[in-house]
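>>> This is the structure alone, sequence omitted:
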């Protein structure tokens, strides 16, 4: 499988649009906004983890970690003392550590960044709905 650079371009934050009879409502979700990058990273990790597109995607995922870590951390802080809170806080710490550097294997870096971004986006969505 070959993944071209134009196939891993960032997807717009406007994930979907629902039109009613008299209005149009934008449905935005952090999870939906990052889904394309996460899927592309996992595909590139399996097939072409060291290419130019993968490098750009890793950089974009690192930026997403930095952006999503703040609301995800806020979500973790709002949870009552529990195992769930410990897991959420640990996930945020781990994601920040991964964004700073995750070794020399580009495939592992893509996978770790993709999974970290997916988890942080989920926590961000949970914060919005809280």
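On my side now, so go ahead. In this text the structure is predicted, and so the values were computed from the model without any measurement.

>>> Show me the contact partners of whatever helix or strand residue 84 lives in.
Residue 84 is part of helix 83-100, with elements assigned from DSSP states H and E. With contacts defined as C-beta atoms under 8 Å, 6 or more residues apart in numbering, helix 83-100 is touched by 61-62, 65-66, 68-69, 72-73, 75-77, 79, 109, 112-113, 116-117, 119-120, 123. Using the backbone N, CA and C atoms, a C-beta is placed for each residue, glycine as well.

>>> repeat that with 10 Å
If you take C-beta atoms under 10 Å, 6 or more residues apart in numbering as the criterion, helix 83-100 is touched by 58, 61-66, 68-79, 82, 102, 108-109, 111-120, 122-123, 126.

>>> out of these, which are buried?
58, 61-62, 64-65, 68-69, 71-73, 75-76, 79, 102, 109, 111-120, 122-123, 126 (16 or more other C-beta atoms under 10 Å).
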